[in-house]
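pasting a predicted model and its sequence here:
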Amino acid sequence: MWLLIAFIIVPLIEIGLFIQVGGLIGLWPTLAIVVATAVAGSWLVRHQGAAALMRLRVSLGEMRDPTGPIADGAMIILAGALLLTPGFFTDAVGMLLLVPAFRAAALRALARRVQVARFTMGGAGPGDGRRPDWHGETIDGAFHEVAPGPDEAPGTGAGRDPRPGLPPTSRTRH
């Protein structure tokens, strides 16, 4: 519901701002400002996005929780999308999202509203790994090793899957 309201309200705000700013400074300066903010914003997003990616790599390399750098990167991507969208309101919000202190405050506010559900899975538990309720039939069998012949290279001959590039099968010697 909020998304629908945003898709209605934001364009109305942008149209009003375009009319006001265009009336004050004229058409061409207004368009120049819109293009300049898009160019400057894309440069800033590229620069801050690279820094966010580096923080994510460091976090993963140190085996720390990567949710902070991932959320920070998502906010930078959102800032880039807003800066590339023509308009003064979206440019202002996009520029705010490029300020690290504002991003941190916005992430804290979002974190209070988000509920995280976790799933943990235990280990194998006691026992030898067999199912205690399994009373299936044991099948006895015999096998014999097939050695390559004198003129066969190892890994060729009987028991070898003749189709190259396929994963090992039950017919393939391992």
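Nice, I can see it. Numbers count the residues shown, from 1 in each chain.

determine the longest helix present in the protein.
Under DSSP state H, the helix in the chain containing the largest number of residues is helix 27-61.

and it, which residues are buried?
T30, V34, T37, A38, G41, L44, V45, Q48, G49, A52, L56, S59 (16 or more other Cβ atoms under 10 Å). The way it works is simple: take the backbone N, C-alpha and C, and place the C-beta from them, glycine included.

list phi and psi for the residue nearest the centre of the chain.
Geometric centre of the chain, nearest residue: I70, 7.6 Å, by Cα atoms, centre = their mean. Note on I70: backbone dihedrals following degrees, to the nearest 10 are phi -70, psi -40.

okay, the closest residue in space to it that isn't next to it in sequence: pLDDT?
Closest residue in space to I70, ignoring its immediate chain neighbours: L56 at 6.4 Å, by Cβ to Cβ, 6 or more residues apart in numbering. According to the model's per-residue confidence, L56 sits at a pLDDT of 90.

list the contacts of L56.
Counting by Cβ atoms under 8 Å, 6 or more residues apart in numbering, L56 makes contact with P66, P69, I70, G73.

mind running it again at 10 Å?
With contact set as Cβ atoms under 10 Å, 6 or more residues apart in numbering, L56 has these partners: P66, G68, P69, I70, D72, G73.

pLDDT weak spots in this structure?
Per-residue confidence of the chain (counting by pLDDT under 70) places the weak regions at 119-136, 152-174.

how close does G26 get to A101?
Here the distance between G26 and A101 works out to 35 Å (Cβ to Cβ, to the nearest Å).

ok, the two, which is more surrounded?
Taking other Cβ atoms under 10 Å, G26 and A101 do not tie; G26 has more neighbours (11 against 8).

the more buried one and I33: what is the separation?
The gap separating G26 from I33 is 11 Å, by Cβ to Cβ.

same question, L4
29 Å.
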